[in-house]
Structures are given as C-alpha cells and as structure tokens.
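Trainee: coords please:
(chains A and B)
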Amino acid sequence: MMSKKVKVPLAITAILMAMGYLMYTGISDTGVYYRTVSEVLDQASIFDGQSLRISGEVVGGTIQYDQENLLLSFAVRDTENDRVTMRASYKGVMPDAFKEDVEVILEGSYSQYDNLFNATILLAKCPSKYVAEAENEKQVSQ
Amino acid sequence: MVELGNLSQYAALGFALGAIILLVGGIIRNDFRYIMGGRRALAFTPLFTTMAALSLTYLFATDAFQVEYVMSYSDRALPFFYKLTAFWAGQDGSLLFWVWTLSLFAAVVAFNTRNELEQRPTPYIYLVMAGCMVFFLFLLTRVTNPFELLPFTSRDGRGLNPMLQNPGMIFHPPTLFLGYVGFTVPFAYALGAMMGGNPDESWLKKIRVWSVLSWVFLTIGIILGGQWAYVELGWGGYWAWDPVENASFIPWLVATAFIHTSIIQERRNIMRVWNMVLIVLTFVLCLFGTYLVRSGILQSVHDFGATGLGGYFLVFMAGAALLGFGLIVFSYQRLRSEHSIESYLSRESTFLFNNVILLALAFATLFGTMFPLLSEAVTGNKVTVSQPFFNRVNTPLFLLLLLITGLCPLIGWRKASASNLRKNFLLPAAVTTAGGLGLFIAGIREVYPFLAVSLSIFIASTIFQEFWTGTRARVRLTGEGALIAFPKLVWKMRSRYGGFVAHLGVVLMVIGITGSYAYKQENQATLKQGQTIAVGDYTLRYDRAGTYSDRNREVQAAEFSIFRDGQYLDKMRTERRFYTNAEQPTTEVSLRSTLLEDLYVTMPAVGENQEVTLKVAVNPLVIWVWIGGFVMVFGGIMSIIPRFTRREIIPHV
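Mentor: Okay, here's the model as predicted:
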C-alpha cells in the first residue's frame, strides 16, 4: 500500500501531465501562424496551403457581396504598405463593422496560385474611432 | 463642476498620501496617535471621491460638451438613463468608478477594524489600501483625467457606442470592477498580517467574507458580460475565450480556489502559506486582467484601443507581486502549519485536488491567451490559439472538477473509513447510474456531453443526500416537521449550505452550457418575401419589411411568422439599426426564449429588393446558464450572511 506521501503527488503529477499533453497537442493541432499580408506574400511558397491568421485592411472599391449566396470577396492590403495586397473570399454573412478601409482579421488558408486567401473566419474590428477622432480634432484645434 | 471634480480628485489624492505619511510615521515611531490620524485620513477619502463622481455625473446629465470625456461618450439625443451610465463607458470614468469604490471599501475596512486598532497588522492594512488608492488617483489626476477640457465647447457629443446601449452593459462593467476592487481588501489584510505579524483567527474569517463578496461581484460581472454578448453581439454564443473574457475569468478561477481552501484553513489550520499565495495571486491577476484589456497587446474582438495606461498597470502589478510574494517567502517559517493532510482519502484532499484543477485551468487559460506573445518571444513566429484550444484543454479539466465536487461531501474529514464511504456512496451512485442509463437511452452518446450531464446528476444527488440527512437529524433532535426543519437547518448552517447551493448553480450552468454548445442548430439564408427558412423544429416565414426612424436611429425591420412542426406559433420581428452618429449598422438580436430552448434570429443584411439575409439558431437550454449563474451567486451571498450575535431565544416548554 502506497502512503499518502506518494499517492497525492502522484495523482497531481498525473493531472498536470495530462494537461500538458492536451496543451501540447492543442497548440500543434489548432494553433495557427499569425501573419501580416506582406509577410505572407514575401514567403508565399512557404505559406502556400497552410492555415493562417492574417490581419490587414480592406481595399476600397473591391468589396463584392453576393447576398443571395452569401459570398463575399474583397482585396486586403498590408496595414503598413498599401501596395501589397491579396484577394480574399469568405462564405457567410458580412459582419456589421465590415467595410472599406477597416481592419480585418482573417483565418483560413492562402493559395499562392491565384493569390487568394480563403477565409473561414472573418472578424472586422470596430475602429476605435472615438479615441482616434478626438486626437485628430485636438491637433486641428491647436 | 469641472473645477469641483478636479479639486476633489486632488483632495482625495492628498488625503491618501497624507494617510500613508501618517501611517508610516506611526509605525516607525510606534505612536498610536499618528496611526489614528492615518486612519481618519483614509476614512475621509470617500467624501472627495464621491464628490468627484457626482461632478462627473452632473456633467453628463447636463450635456457639458466642453468636457472631452462627456463629449466622447454622450450626445444630446441619448436617453437620459444612458447618459448617466455613460459614466463608465470609457477608461477615465471607469477609473474614477474604481477609485470611488476603493475609497468606500477602505472606509468600511477602517470602520470594521475599529476594535482592532491596537493590533499590529491594522496600520499595515490601511497602508496597503492607501497605497492602492494613491496609484489610481495618480492615474486619474495625471494620466487619464475625466475632467479634461476641450479647447472649445462642442455643439454635440459623439454619442455612446450603440452596442453599449443595452441594459446588460449598464451593470456588467461596474460589477466586474466591484469584484476587481474588492480583492484589494483581502490583499491588504494578507499583506498586513505578514508585515505586522500574528493575526488572530478572526482574521481569516474577514478575508473570507471579503473574498466571497468580491467573488460574487466578479461572477455577476462575468455572467452579465456573457449575457450581453449573447443578446447584443449577435454571433449566437456567450463565451468565446476571447482575451478580454479570459482576463476576468483567470482571477475568478484563482479566487474560487481560495474560497475553497480557506474553508480548510478555518477548520484544520492547514494550507496557510498556500492561501496567502492564492490571495496575492488573485489580486495580481486582477491587475493583470486590467493591463491586458487596457494595453492593447493582444488582438481582441473587444477593442478598447491601445492607451498609455498599460505600462502603469504593468509596473503596479509587478510591484504588488514582488511585495506579496516576497513577504510570503520572508514569513514562510512563521506561516507554515504544523499539520498536513492526513490521508489522501479525506475531504481535505478533495479540496487540494479542487485547487490543483482550478489553478491548472487558470494556467492553461493564461497560457493560451498569452501564446501569441510567448511564441513570438521564443521562436519569432506569432502563433495564435482560439476556441478549439481552450475547449480541448479545459473541458476535461472541468469534468474532473465536477467529479471532485460530487465526491467532496461523500468523503469524511481527516480519514474516511470504508464503511462510511460505502454508506455515503450508495444512493448517489445508484441515482447517477440510473441517470446515465436514461441519458444513454435518450440518445446522448457523445462522450463529453454524456459525462457532463451524468456528473451533474452525481453532484445534485450528493447535495440532496446532504440536505436529506441533515434534515432527518434535525427532525430527530427537535421533533419539528421536515418542512420546518429543512429551512431552519439551511438558515442556521448557511455558510455550509450556501456552498451547496452554489454547487447546484454550477450543475444548472453545466447543463445549460452542454446543451447550448453540443446541441446547437444553425442555418442561414437570404429570403425573398414569403420564403421560409428552417432550423431544428422551427420554420420561419418572411412576411414583410419596412423602415422607420426613432430618436437617435434609422431602423430596418422585418417581420416573420414562426411555425413549429408546421403549427403556427408566433410572430417575430428583427431589426437592423443605423444610429445617427455610429459609422456602422447594428444587427439586433431577436430572441424567443423558453426553459427548453432559445430561438435566436439576426438579420445581417437587407438587400435593395427587400430580400433579407437571416441567421437563425436553436440554442437548447441557454437560459439555464443565466439561472445557474444566479443560483451560484445566491449561494455565495447566503454563505457570508453574518451570524447574529444575539442568542436564539429558547422557548419555554
């Protein structure tokens, strides 16, 4: 019969090891690289076909939405560099905050062949306009 | 009013600083008069913070758009009620609210310790409270002052974010803050005890009451947050393991751990060092949560905008952690208890495992939340994890926690005997087996949902067994009828039964979460007038659409007929709102909520020919998440209702 000096730590170790295992496999199975548009395009052949999360901005005049079939397509540009863009497509409803020039986060996979990002998740960030506009106004008035 | 607000903030800062100087002086010179002075200064701070808070409220109420904060979060068209609650819509006002409650709590602490002024920890407790207040008042006066003036008077304000114009949003932030602020008090008591030395036994009881109270507020805050997300954000769920949600959940887990092991310390005087660690950790994690939310270091759907506040919080948090953990190391020998857990098969050890799991959950959640930063720091590659990661790691841990929760009352203190175990296990084991069989027959065969509901049945049956044996014992003892004996018993032993009630709340919540996550049904489509969409047993027919304008918004509305199994049930309408000063439309959520399931409808788009895009979902049992949450809160409150010192009058026979 093992003493409690062994049993309790043993059980705790088992729990923690199981958790460690779940965390490890959880990250390797569900973790996705988080990249900017230009990072992906710089190493397009490496990222081709990989699941990725990217952030960028919606390019004005490129939004096409087929409301009946819920197909959204648009171009997304790098936040830092306007000229670096890729196309993106998403099947589903268009989020309220989604529109031209807004920052979006896409999760899905990139295909180098047609420079297209196939998004399964689309998040549009509400611009924190309150802060930004207040800053602008301050500058104007000064 | 602006001047009054500013002046009040400075006065509060002055008094808090004064309290620190007096207290330090009193401690160094061992002079009681200084300490009394420090206490008085501390007790006066709420006067000034209340004045500041009232000033800001007044400015909001009177549309004082020369004040930048008021201009940024209110406008003339805003309903009056929301004008008042816009107080905490932004960072500056939130901090003022924070300081206001902190000062009130400090005054309560000063009052509560009126008979313990001679005790050595007391001045240190005041000192910690005053120190925290100085930090926040410094931020308010120097960094994010809500009374900052614009160089001009704006004709109108920018208005309150439409998503915040919702009843759930009114109480979510303040309750969360009350929880965060509340944990300052246990932290102060813990540090006071370590710096001043030799706390008596009543010390732990006070910490416990404050911790449970703060825990109650934090719980309400988290639940209201989830409910707000559910009825306002329109994505159909209430919890997404988003960094901002996790920021409040992590301290909650650690606080929950402390609430449990403090019972062990009260009863057996063990785990004293561990409990100190938990108190300090809870407070530090509350600050960390605020840092996470305010610094903008993580990508979150909830965007507060990165502000300069993060750095200050990081420094303050590091200071609190260093001081707290340093003191624990320093006073380790004194804190250490002579006893330890006697047997692995004892109620104490179930509490130990409860703690291991709660902290494992906190760690895994923290790790996942911070993983983008960690992975970038270590490998240079930013990797994010989201819901699937948290669900995969945390679900088994939660199930294990449920098992422990059920086992706990069945196992005796110190060392359980075999016969004692057999007797206690018989009924719950039978009920759980029958319940599990029933679930299996009913077709619930996925592993996690099956385990979750079976374990819930197990917990509930152990709790009812407790109620039953307790009532029976009282009936035998007093000769009362069972219907009288039961409530009397619960009331008399409310600190214990409150815990059971909280666990019943957990059970209800688990059932709600299981139902709504595992058995959710969704559909989406674009409909022309007269077309239908089906989800679960429901069919929705799009009847007509129209537009109208309200006080501060233009609205597109559509009307539907709901059919269940072909039978007409009800009408339903859903809206898209275009608030005049918002840049984007807001999709309103239409809900048809019953105890069994919610029909959840949103309309993300209306086309040129009045064709509407609909998202419909059937979320089973969602309502039990809220009900369970409030039962939990009720149990928590019940367990800390003070014992009245008046002796019960024994009736003459």
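
Trainee: any low-confidence regions in chain B?
Mentor: For chain B, the stretches with pLDDT under 70 are B:198-201, B:296, B:299-307, B:644-653.

Trainee: Which residue is it, in the stretch 401-550 of chain B, that comes closest to chain A?
Mentor: B:Thr526 (4.8 Å; Cβ to the nearest Cβ). In short, each C-beta sits where N, CA and C put it, glycine included.

Trainee: So that residue: helix, strand or coil?
Mentor: The three-state label given to B:Thr526 by DSSP: H, G, I helix; E, B strand; the rest coil is strand.

Trainee: Near it, how many other residues are there?
Mentor: Residues lying near B:Thr526 (other Cβ atoms under 10 Å in any protein chain shown) number 21.

Trainee: How about A:Ser45?
Mentor: With other Cβ under 10 Å as criterion, A:Ser45 counts 7.

Trainee: May I have the beta-bridge partners of the residue of the stretch 401-550 of chain B closest to chain A?
Mentor: Beta bridges link B:Thr526 to B:Thr613, judged by DSSP bridges.

Trainee: correct me, but it touches B:Glu611?
Mentor: Yes: the pair B:Thr526 and B:Glu611 qualifies as a contact (Cβ atoms under 8 Å) at a distance of 5.5 Å.

Trainee: from what I can see B:Ala106 touches B:Leu127, true?
Mentor: No: B:Ala106 is not in contact with B:Leu127 according to Cβ under 8 Å; the separation is 10.9 Å.

Trainee: the more surrounded of these two?
Mentor: B:Ala106 (29 against 25).

Trainee: which non-adjacent residue is nearest the more buried one?
Mentor: B:Met129 (4.3 Å; Cβ to Cβ, 6 or more residues apart in numbering or on different chains).

Trainee: Can you classify that neighbour by secondary structure?
Mentor: Per three-state DSSP, B:Met129 ends up helix.

Trainee: Provide a list of residues in contact with it.
Mentor: Listed by Cβ atoms under 8 Å, 6 or more residues apart in numbering or on different chains, the contact partners of B:Met129 are B:42, B:102, B:105-106, B:109, B:184-185, B:188.

Trainee: Looking at those, which one is closest to chain A?
Mentor: B:Leu102 (25.2 Å).

Trainee: Tell me, how many residues neighbour the closest one?
Mentor: 27.

Trainee: Quickly find the element holding it.
Mentor: helix B:91-112 (DSSP states H and E).

Trainee: May I have that helix as CSV, with CA atoms only?
Mentor: Only the C-alpha atoms of helix B:91-112 are listed here, as CSV (Å, rounded to 0.1, in the frame of the first residue of the first chain):
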residue,chain,number,x,y,z
GLN,B,91,-11.4,54.5,-19.5
ASP,B,92,-11.3,57.7,-17.5
GLY,B,93,-14.7,57.3,-15.9
SER,B,94,-14.1,53.6,-15.3
LEU,B,95,-11.0,54.5,-13.3
LEU,B,96,-13.0,57.1,-11.3
PHE,B,97,-15.6,54.5,-10.6
TRP,B,98,-12.8,52.2,-9.5
VAL,B,99,-11.3,54.8,-7.1
TRP,B,100,-14.7,55.6,-5.8
THR,B,101,-15.4,52.0,-4.8
LEU,B,102,-11.9,51.5,-3.5
SER,B,103,-12.2,54.5,-1.2
LEU,B,104,-15.6,53.2,0.1
PHE,B,105,-14.1,49.8,0.8
ALA,B,106,-11.2,51.5,2.5
ALA,B,107,-13.6,53.4,4.8
VAL,B,108,-15.5,50.1,5.5
VAL,B,109,-12.2,48.5,6.4
ALA,B,110,-11.4,51.4,8.7
PHE,B,111,-14.7,51.0,10.3
ASN,B,112,-14.5,47.2,10.7
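
Trainee: Next to chain A, which bits of the stretch 51-200 of chain B? Give me the list.
Mentor: B:68, B:72-73, B:90, B:150-152, B:158, B:161 (Cβ under 8 Å from any Cβ of the partner chain).

Trainee: circling back to that earlier point, what about the residue of the stretch 401-550 of chain B closest to chain A, distance to A:Ser45?
Mentor: Separation of B:Thr526 from A:Ser45 (Cβ to Cβ, to the nearest Å): 38 Å.

Trainee: ditto for B:Gly5
Mentor: 60 Å.

Trainee: How about B:Gly182?
Mentor: Where A:Ser45 is concerned, B:Gly182 sits at a distance of 55 Å (Cβ to Cβ).

Trainee: go on, A:Leu72?
Mentor: Using Cβ to Cβ, one gets 27 Å for the distance from A:Leu72 to A:Ser45.

Trainee: Verify the stated contact: B:Ser248 with B:Ile220.
Mentor: No: look at B:Ser248 against B:Ile220 with Cβ under 8 Å: they stay out of range, at 11.2 Å.

Trainee: Name all residues that sit in contact with the two at the same time.
Mentor: Joint contacts of B:Ser248 and B:Ile220 (Cβ under 8 Å, 6+ apart) are B:Gly179.

Trainee: is it true that B:Asn424 touches B:Leu410?
Mentor: Yes: counting by Cβ under 8 Å, B:Asn424 touches B:Leu410, with 4.2 Å between them.

Trainee: Spit out the contact partners of the residue lying closest to B:Phe80 once chain neighbours are set aside.
Mentor: Once flanking residues are discounted, B:Phe80 sits nearest to B:Ala61: 7.4 Å by Cβ to Cβ, 6+ apart. Each residue near B:Ala61 by Cβ under 8 Å, 6+ apart is listed here: B:80, B:83-84.

Trainee: And B:Ala61, its phi and psi?
Mentor: Here is the backbone geometry of B:Ala61 (degrees, to the nearest 10): phi -60, psi -30.

Trainee: how close does it sit to chain A?
Mentor: Distance of B:Ala61 to chain A, computed by Cβ to the nearest Cβ, to the nearest Å: 20 Å.

Trainee: Could you give the bridge partners of B:Val383?
Mentor: Here B:Val383, judged by DSSP bridges, has bridge partners A:Tyr33.

Trainee: and it, how many neighbours?
Mentor: Residues near B:Val383, counting by other Cβ under 10 Å: 19.

Trainee: Kindly report the same for B:Leu7.
Mentor: 15.

Trainee: which secondary element of chain A has the worst mean pLDDT?
Mentor: Among the helices and strands of chain A, helix A:129-141 carries the lowest confidence by mean pLDDT, DSSP states H and E, at a mean of 39.

Trainee: what about the closest residue to B:Gly90 other than its chain neighbours, how many neighbours?
Mentor: Using Cβ to Cβ, 6+ apart and skipping the chain neighbours, the partner closest in space to B:Gly90 is B:Tyr73 (5.2 Å). Around B:Tyr73 there are 27 other residues, counting by other Cβ under 10 Å.

Trainee: quick one: B:Tyr73 and B:Ala89 touch, right?
Mentor: Yes: between B:Tyr73 and B:Ala89 there is a contact under Cβ under 8 Å: 4.3 Å.

Trainee: Now the common contact residues for these two.
Mentor: B:Leu160.

Trainee: B:Lys571 versus B:Phe560, what's the distance?
Mentor: 7 Å.

Trainee: so who does residue 88 touch?
Mentor: Answering for chain A, as no chain was given. A:73-76, A:106, A:116-119.

Trainee: actually chain B
Mentor: Per Cβ under 8 Å, 6+ apart, neighbours of B:Trp88: B:94, B:97, B:173-174, B:177.

Trainee: And for B:Phe105?
Mentor: B:129, B:181-182, B:184-185.

Trainee: go with 6 Å
Mentor: For B:Phe105, the contact set (Cβ atoms under 6 Å, 6 or more residues apart in numbering or on different chains) comprises B:Val185.

Trainee: Quickly note the distance from the residue nearest the centre of chain B to B:Arg494.
Mentor: Residue closest to the mean C-alpha point of chain B, counted by Cα atoms, centre = their mean, is B:Leu218 at 2.4 Å. B:Leu218 is 21 Å from B:Arg494, where distance means Cβ to Cβ.

Trainee: Confirm for me that the residue nearest to B:Gly90 is in contact with B:Phe87.
Mentor: No: B:Tyr73 lies out of contact with B:Phe87 (Cβ atoms under 6 Å); the separation is 8.4 Å.
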